[in-house]
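[1] Sequence and predicted model, in that order:
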Amino acid sequence: MIIAIDGPAGSGKSSTAREVARRLEALYIDTGAMYRAVALKAIRTGVLPESPAFTTIAESILIHLEPSADGVKVFLDGEDVSGAIRSEEVSVMSSRVSQRVDVRRRMVALQRIMAQRASDSGRDVVMEGRDIGTVVFPAADRKFFVTASAEVRARRRARQLREKGEEVDEKDLLREIHERDERDSTREASPLRLAPDARVIDTSDSSFEEQVENILTQIRGNAAADAR
């Protein structure tokens, strides 16, 4: 099976997808981490994604994912950047690099290759992002759209950053989330949208365990129905 889990920033889709994959013993592909790696490259090189010069980066960047105890390790041009890509600066920049058609084209190609290799070897795949069920794998076996209110997502992001020792303003985070939702849903290349056949999972009032079990129950229920 290929299981697509989409949703806006801060909805909980990444942690949920990671745990669903672990329990299913499936390959977890964190597509958001791939765009974060591109964003880190932009920051390090000083070449902004709005610049024509960014084309060279989009075409030459090397990104590799490896399974790990935490879900996935991310390698940028051979360097493990799993921790470096989780800063708020990278988070904001990743929304900008994802606007580029050439970046999205490159990432989609890499995502399909990774998923196909896993599928060919007999493994299930859990892939999360914003366009998995609509663009990357429109024929995915199972599709979910994980969402939550902007206020809840801002609180979650603030808690994550505070746990890292960073000072945050929830009002600023809420504004950034609204801005990112607007960019992601209106961009020309692969906008964030709900696939017609996706199941909506609203995590605003759900615990982590409840949202994971919700998805697993539906996967297992559908699998049993398919077998009949």
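    That came in fine, so what should we check first? Residues are numbered from 1 along each chain as shown.
[2] part of a strand, is Val200?
    Yes - counting by DSSP: H, G, I helix; E, B strand; the rest coil, Val200 is part of a strand.
[3] Show me the contact partners of the helix or strand bottoming out on mean pLDDT in the chain.
    For the chain, the helix or strand with the lowest mean confidence is helix 208-227, at a mean of 82 (criterion: mean pLDDT, DSSP states H and E). Contact partners of helix 208-227, identified using C-beta atoms under 8 Å, 6 or more residues apart in numbering, comprise 1, 3, 5, 12, 15-16, 19-20, 23-24, 142, 144, 146, 199, 201, 203, 206. In short, each C-beta sits where N, CA and C put it, glycine included.
[4] Please narrow these to those residing in strands.
    Among the contacts of helix 208-227, DSSP state E puts 3, 5, 142, 144, 146, 199, 201 in strands.
[5] Now do Pro8, the pLDDT please.
    As summarised for this prediction, Pro8 has a pLDDT of 92.
[6] still on that earlier bit, show me which of the ones in strands among the contacts of helix 208-227 is closest to Asp80.
    Ile5 (24.5 Å; C-beta to C-beta).
[7] contacting residues for that closest one?
    Going by C-beta under 8 Å, 6+ apart, the list of residues near Ile5 reads 13, 16-17, 20, 126-129, 132, 144-146, 215.
[8] Likewise for Ile43?
    For Ile43, the contact set (C-beta under 8 Å, 6+ apart) comprises 89-90, 93.
[9] What subset of these is buried?
    90, 93 (16 or more other C-beta atoms under 10 Å).
[10] Go through the contacts of Ile43 and say which is closest to Asp30.
    Of all the contacts of Ile43, Val90 has the smallest distance to Asp30: 13.6 Å, by C-beta to C-beta.
[11] Now that closest one: which helix or strand?
    Using DSSP states H and E, Val90 sits within helix 88-97.
[12] List the contacts of that helix.
    Helix 88-97 is contacted by residues 9, 32, 35-36, 38-40, 42-43, 48-50, 54, 84, 103, 161, 166, 176, 180, 183-184 when judged by C-beta under 8 Å, 6+ apart.
[13] Go again with 6 Å.
    By C-beta atoms under 6 Å, 6 or more residues apart in numbering, the list of residues contacting helix 88-97 from outside reads 35-36, 38-40, 42-43, 49, 103, 180, 183.
[14] and those, which of them are in helices?
    35-36, 38-40, 42-43, 103, 180, 183 (DSSP state H).
[15] Out of the residues you listed, which two sit at the greatest distance?
    Leu40 and Arg183, at 18.6 Å, using C-beta to C-beta across the ones in helices among the contacts of helix 88-97.
[16] More neighbours: those two, which one.
    The residue with more neighbours, out of Leu40 and Arg183, is Leu40; 23 against 16, by other C-beta atoms under 10 Å.
[17] I'd guessed Phe144 sits against Val200; true?
    No - between Phe144 and Val200 there is no contact under C-beta atoms under 6 Å: 7.8 Å.
[18] Compare those two (neighbour count), which wins?
    Neighbour count, other C-beta under 10 Å: between Phe144 and Val200, Phe144 has more, with 29 against 10.
[19] which residues does that one contact?
    5, 198-199, 201, 215.
[20] and what of Ala150?
    177-178.
[21] try it again with 8 Å
    174, 177-178, 181.
[22] closest to Arg157 among the ones in helices among the contacts of helix 88-97?
    Using C-beta to C-beta, Arg180 is the member of the ones in helices among the contacts of helix 88-97 that lies nearest Arg157, at 10.6 Å.
[23] ok, the closest one to Lys73 distance?
    25 Å (C-beta to C-beta, to the nearest Å).
[24] Cheers, nothing more for now.
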